[in-house]
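Engineer: please work out how this folds:
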Amino acid sequence: MLAKRLQPMVFQARRAYVELMFQVMGRALQAISEVDDSTRNEIRPLPPGFLFAMQVMPNGPKLIMEHTGDGRLHYHGENAPGPVDLSIQFKHMAHAFLVLSFQEKTSTAFAYDRMLVDGDISLAVRITRVLNRLETFILPKLLAERAVKEYPETLNLPDKLLNAARIYLKVVTNFVETVRA
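Structural biologist: Numbering: from 1, shown residues only. Next up, the predicted model:
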């Protein structure tokens, strides 16, 4: 009986967590595209105006990113300014929660058919590499190793800390600017 009462609260908590993580990820993706040359090189081949969405099906939380040119991304929140070119969709809130709480790697979730890709698979792989790079910078190594397929051996602690600080500073600045607006 208690489990039935707790289930809606657990679902609401998961949804709130996923919404928050999408907001943080969107702002962090924008930030890493501003501070990291490797990320810009990965994004640069995308056409300017390219829109990418990550969302929970059918009408769950989402994040919308746009390539504005020269390898830079812009976070649009949940509102796309036009038709989305690439969409990565979690089939259920529980699946999104597993990935976004770093209990399951994105590649594992895809292998278990917990996600759908609507659009060019090669572009989805490119975006996944950017997400993996972001996670290696902003997460402690123990969590990052659980979140990404392969943790880069060449990433040393000073570079990780410097990039993480720059990314987090830009994320916080973006949150503050959003609140002021």
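
Engineer: who's in contact with the most centrally placed residue in the chain?
Structural biologist: Note on the chain: the residue nearest the mean C-alpha position is M25, at 4.3 Å, using CA atoms, centre = their mean. M25 makes contact with M54, L63, L100, L131, L134, according to CB atoms under 8 Å, 6 or more residues apart in numbering. (C-beta placed from N, C-alpha, C; glycine too.)

Engineer: how does it look with 10 Å?
Structural biologist: Taking CB atoms under 10 Å, 6 or more residues apart in numbering, we find M25 in contact with M54, L63, M65, Y75, L100, L131, L134, E135, I138, V171.

Engineer: what are the buried residues along the strand of greatest length in the chain?
Structural biologist: In the chain, assigned by DSSP state E, the strand with the most residues is strand 62-69. Across strand 62-69, burial judged by 16 or more other CB atoms under 10 Å covers K62, L63, I64, M65, E66, H67.

Engineer: same deal with stretch 88-102?
Structural biologist: I88, Q89, F90, K91, M93, H95, A96, F97, L98, V99, L100, F102.

Engineer: among those residues, which ones are in strands?
Structural biologist: Short answer: the buried residues of stretch 88-102 in strands (DSSP E) are I88, Q89, F90.

Engineer: looking at those, which one is closest to A13?
Structural biologist: Nearest to A13, judged by CB to CB, of these is F90 at 16.5 Å.

Engineer: pretty sure that closest one contacts D113?
Structural biologist: No: F90 lies out of contact with D113 (CB atoms under 10 Å); the separation is 11.1 Å.

Engineer: quick check: neighbours shared by those two?
Structural biologist: Taking CB under 10 Å, 6+ apart as the contact criterion, no residue touches both F90 and D113.

Engineer: do you know how far S38 is from L169?
Structural biologist: Between S38 and L169 the distance is 19 Å, computed by CB to CB, to the nearest Å.

Engineer: give me the pLDDT for the residue nearest to the centre of the chain.
Structural biologist: Here the pLDDT value assigned to M25 is 94.

Engineer: and it, that's in a helix?
Structural biologist: Yes: looking at M25 with DSSP: H, G, I helix; E, B strand; the rest coil, it is inside a helix.

Engineer: on that earlier part again, can I get the buried residues of strand 62-69 in TSV including pLDDT?
Structural biologist: What follows is the buried residues of strand 62-69, written out as TSV (pLDDT from 0 to 100):
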residue	pLDDT
K62	95
L63	95
I64	97
M65	97
E66	97
H67	97
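
Engineer: can you pull out the strands in the protein?
Structural biologist: For the chain, applying DSSP E gives strands covering 51-56, 62-69, 72-77, 86-90, 115-118.

Engineer: any weak-confidence spans in this structure?
Structural biologist: Residue ranges of the chain with pLDDT under 70: 1-3, 181.

Engineer: can you map out the helices along it?
Structural biologist: Per DSSP state H, the chain has helices spanning 2-35, 37-43, 93-100, 106-111, 121-138, 141-147, 157-180. These are given in chain order.
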